[in-house]
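In: Here is my input; please provide its structure:
(chains A and B)
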2 protein chains.
Amino acid sequence: MISEKMKPLVANNSVIRVMFEEGKRLASIYGAENVYDFSLGNPNVPAPKEVNEAIVETLMEEESTFVHGYMSNAGYEDVRATIADSLNQRFGTAFHQNNILMTVGAASGLNVILKTILNPGDQVIAFAPYFVEYGGYVRNYDGELVVVSPNTVDFQPNLDEFVEKINEKTKAVIINTPNNPTGVVYSDATLTRLGEILREKEKEFGTEIVLISDEPYRELAYDGVEVPYVTKYYANTVVCYSYSKSLSLPGERIGYLVIPDEMKDSTEVFTAATIANRVNGCVNAPSLMQRVIKRCIEKGASVNLEAYDRNRNRLYEGLRECGFTCIKPEGAFYLFVKSPIPDEKEFCATAQKYNLLLVPGSSFACPGYVRIAYCVSYEQIERSMPAFEKLAQEYKLK
Amino acid sequence: MISEKMKPLVANNSVIRVMFEEGKRLASIYGAENVYDFSLGNPNVPAPKEVNEAIVETLMEEESTFVHGYMSNAGYEDVRATIADSLNQRFGTAFHQNNILMTVGAASGLNVILKTILNPGDQVIAFAPYFVEYGGYVRNYDGELVVVSPNTVDFQPNLDEFVEKINEKTKAVIINTPNNPTGVVYSDATLTRLGEILREKEKEFGTEIVLISDEPYRELAYDGVEVPYVTKYYANTVVCYSYSKSLSLPGERIGYLVIPDEMKDSTEVFTAATIANRVNGCVNAPSLMQRVIKRCIEKGASVNLEAYDRNRNRLYEGLRECGFTCIKPEGAFYLFVKSPIPDEKEFCATAQKYNLLLVPGSSFACPGYVRIAYCVSYEQIERSMPAFEKLAQEYKLK
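Out: Residues are numbered from 1 along each chain as shown, chains lettered A, B, ... in the order given. As a prediction, this is how the structure comes out:
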């Protein structure tokens, strides 16, 4: 019954599912409070109170057939205008509503832009470590994901290898900053050089290369670090944004694409992407949540960043005291920790003995590391510390 | 910039867009109240009051991180169980939560099941007249849409031609009952024979053929007509449901797939469809709306069917009095009217002179007819009657 293209996804899925099931099994034996599940990127910080306020206000103040009805496939014009204005105020850009396409989250936004531009055999470059699903998204449109190996010094992208891997088949490059799984924010210097390389290569091959910036973690940056706005560095940039993390709404599937005027064939790309959004079955981004986003922007709503920052500091300091090695993340809600042994899957298996659930870096094309998601309660982090200490002792880290 | 696969969609899109723009243009000249737009399937009947009540109750009674957070990619277990129970009570089926996969509306459900089962070159049969987007959905997965020509006597599917068109490449058949654009409900006799044909052909070719029943209009049936539940007629059936029309929530993108136990490789198909739902970028159906659907089922919410029925009767009688010919629809909110001249596009152009916006049947692979969507205000229908009379006079219909 299953198509050939889906078969490897089904086979691979079971590997990930094993970890979820293992978590449930451990919880049933030891109690949920004694299992330290750091595997999932599901925010524990609730949506800011403005979200539910905006929902109720929308229902009270706007017509049912408007709030729950069809609108332009690209989204409500006033919502898109509000987002454009907000970006312009924050980043000094000059977007208007016809640069903003509302999507069913960033994952759908990525699919929409890839469907819009990819021909079979086109290559899409990603920098390891990267979000595992990119490969699936690219293969949806018969493209080929080309992976640049990780720079494990500071986890900025490996631009020397990048230069080597661009060729005439390169149609797109995906970056993700702040990064999942490292928490690293791509620097101004990185983005400047990235833009230079892309312009040089477009000229060399006579092609257009689209830089896709996947930004669900844009608002999650600590210590006052600036997350540069990528469209300023390179004209053929498309931004994929999501409110999953910035407003703790991952289940609601609400986000947008930015397709700037500076992009080649911008109007045509926007039209095609709007159609791709419809024909892939989404039709439009969920309507009530679009209305809510407008009100949340006007209210200046933001997620409780202090909670994540507190988790980040506690976990980072705690793991260092245990003897683990990792760079301090400037964004997102992940720590990417060096495995004390080369085979990090074995290390994850050992961690499970102490009821610690961590994700192997090989799932992000970066073996030798593990991802720890700290979008959990502070109490879970506190409770898990003795387990991390025992794990460190087993590897004689101190 | 645009992929080869998207180019024809972009070219074709502009044709449909012209009608929307024409409606806006006419409204700006003559006033919105003097333009009779029957082109769109956007419900004018508001969502039942239980929807907004359920939203507010959900926000008050359930945790933010639960309501707006990630759940299983297939949807919340309790929501799926409630839907299964409700179907069982209404149709005497025996579904359970693992037969129900929550989707981003029926359009996304169709994409999910087609992605799950189609290999390149596989054929999918649809019966004219059919919803135009099916072709795009099938081509998303490199399948080929094969169209069975319409039976214009009663608009039940043309099963004699269907028998001839099934071959070893036939992977799926899409039906849509109550039907867009005819409003016809497929009868017990039709579905019985359809099931027989499919079983015979599966045996003849040694293949599995999936019957996909697209049912956004299931609850919109009039005069007490029964809409038979399709899984009872054929084992390899997948139902695509949507709350767009049954609760007037088309913008919210909420629906589900039914993948019954009786289906071949049912568990594997369900798993693969859940992954397809994730990897196509939807990840999961919008979370708050899932919670709301559960409460609406418990509250017994339903849309104001009487309003549509009143429209249906008024428009049907009015058009007949003018001399137009059409079968009286038993479901959905469309009339499919015979064009007085063979070229129904020319007829639509003439209708526009009287500010009547109708959709040509050739958009549904059924030239010679026009679709009139009566999901509009009763007042619009009343106001439009003199325009229909003038149109009829132009063609000397009385």
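
In: ok, the most centrally placed residue in chain A to chain B distance?
Out: Residue closest to the average C-alpha location in chain A (Cα atoms, centre = their mean): A:P216, at 4.6 Å. As judged by Cβ to the nearest Cβ, to the nearest Å, A:P216 and chain B stand 12 Å apart. Heads up, the C-betas are built off the backbone N, CA and C, glycines and all.

In: looking at it, that residue is touching A:S244, isn't it?
Out: Yes. The pair A:P216 and A:S244 passes the contact test of Cβ atoms under 8 Å, sitting 5.5 Å apart.

In: Tell me the gap between the lowest-mean-pLDDT helix or strand in chain A and the middle of its chain.
Out: Within chain A, no helix or strand scores below helix A:7-30, which has a mean of 80 by mean pLDDT, DSSP states H and E. Using Cα atoms, centre = their mean, to the nearest Å, the distance from the centre of helix A:7-30 to the centre of the chain it belongs to is 22 Å.

In: Quick check: buried residues in it?
Out: A:9-10, A:13, A:19, A:22-23, A:26 (16 or more other Cβ atoms under 10 Å in any protein chain shown).

In: Chain B next: which of those are close?
Out: A:9-10, A:13 (Cβ under 8 Å from any Cβ of the partner chain).

In: okay if I get the buried residues of helix A:7-30 as JSON lines plus distance to A:M385?
Out: Below are the buried residues of helix A:7-30 laid out as JSON lines (distance: Cβ to Cβ, whole Å):
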{"residue": "A:L9", "distance to A:M385": "37"}
{"residue": "A:V10", "distance to A:M385": "38"}
{"residue": "A:N13", "distance to A:M385": "32"}
{"residue": "A:M19", "distance to A:M385": "22"}
{"residue": "A:E22", "distance to A:M385": "21"}
{"residue": "A:G23", "distance to A:M385": "19"}
{"residue": "A:L26", "distance to A:M385": "18"}
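
In: for the residues you listed, which one is nearest B:E133?
Out: A:L9 (24.6 Å; Cβ to Cβ).

In: ranges for the strands of chain A?
Out: Counting by DSSP state E, the segments of chain A that form strands are A:36-37, A:100-103, A:123-127, A:144-148, A:170-176, A:210-214, A:237-242, A:255-258, A:334-338, A:356-357, A:359-360, A:369-373.

In: Setting aside sequence neighbours, what's the nearest residue to A:I259?
Out: Among residues not flanking A:I259 along the chain, A:F270 sits closest, at 4.8 Å (Cβ to Cβ, 6 or more residues apart in numbering or on different chains).

In: Would you confirm that the one you found contacts A:H96?
Out: No. At 11.1 Å, A:F270 and A:H96 do not qualify as touching, with contact defined as Cβ under 8 Å.

In: and the closest residue to A:N179 other than its chain neighbours, what pLDDT?
Out: Leaving aside its chain neighbours, A:N179 sits nearest to A:A332 (6.4 Å; criterion: Cβ to Cβ, 6+ apart). Note for A:A332: predicted pLDDT of 97.

In: how close does A:A332 sit to A:V104?
Out: 21 Å (Cβ to Cβ, to the nearest Å).

In: Settle it for me: which of the two has more neighbours?
Out: A:V104 (33 against 30; other Cβ atoms under 10 Å in any protein chain shown).

In: Per-residue confidence at that one, what does it come out as?
Out: 98.

In: Can you give me the distance of it to A:T271?
Out: Distance from A:V104 to A:T271, by Cβ to Cβ: 19 Å.

In: go on, A:Y222?
Out: 39 Å.

In: So which of the two has more stuff around it?
Out: A:T271 (23 against 19).

In: residues touching the more buried one, list them.
Out: B:10, B:13 (Cβ atoms under 8 Å, 6 or more residues apart in numbering or on different chains).

In: And it, how far from A:R278?
Out: From A:T271 to A:R278 the distance is 11 Å (Cβ to Cβ).

In: And for A:S384?
Out: 45 Å.

In: ok, those two, which is more surrounded?
Out: Comparing A:S384 with A:R278 by other Cβ under 10 Å, the one with more neighbours is A:S384, at 23 against 19.

In: Let me know the pLDDT of the residue lying closest to the more buried one once chain neighbours are set aside.
Out: Leaving aside its sequence neighbours, A:S384 sits nearest to A:Y36 (Cβ to Cβ, 6+ apart; 3.8 Å). The confidence metric pLDDT takes the value 94 at A:Y36.

In: What is the neighbour count of A:Y36?
Out: The number of residues near A:Y36, taken as other Cβ under 10 Å, comes to 23.

In: Which stretches in the stretch 251-398 of chain A count as helices?
Out: A:266-279, A:287-299, A:305-322, A:344-353, A:378-394 (DSSP state H, counting those that start in this stretch).

In: helices or strands up against the shortest one?
Out: In other words, helix A:344-353. strand A:359-360, strand A:369-373, helix A:378-394 (3 or more Cβ pairs under 8 Å, 6 or more residues apart in numbering or on different chains; DSSP states H and E).

In: Between A:F270 and A:H96, which is the more surrounded one?
Out: Shown here are A:F270 and A:H96; by other Cβ under 10 Å, A:F270 has more neighbours (21 against 13).

In: Any figure for the gap between the more buried one and chain B?
Out: 11 Å.

In: Relative to A:V56, which of the strands of chain A is closest?
Out: Comparing the strands of chain A under Cβ to Cβ, the one sitting nearest is strand A:100-103, at 21.3 Å.

In: Pairing partners for the closest one, with directions?
Out: strand A:255-258 (antiparallel) (DSSP bridges).

In: average pLDDT across the partner strand?
Out: 98.

In: so, in contact with chain B or not, stretch A:124-143?
Out: Yes. Using Cβ under 8 Å from any Cβ, we find that stretch A:124-143 touches chain B at A:133, A:136-137, A:140-141.

In: Correction: the previous question concerned stretch A:74-89.
Out: No. Stretch A:74-89 is not in contact with chain B by Cβ under 8 Å from any Cβ; minimum separation 9.1 Å.

In: For that stretch, buried residues please.
Out: Those would be A:74-76, A:79-84, A:86-87, for stretch A:74-89 by 16+ other Cβ under 10 Å.

In: ok so, going back, deepest-packed of the helices and strands packed on helix A:344-353, please.
Out: Ranked by mean neighbour count, these are led by strand A:369-373 with a mean of 26 (mean count of other Cβ atoms under 10 Å in any protein chain shown).
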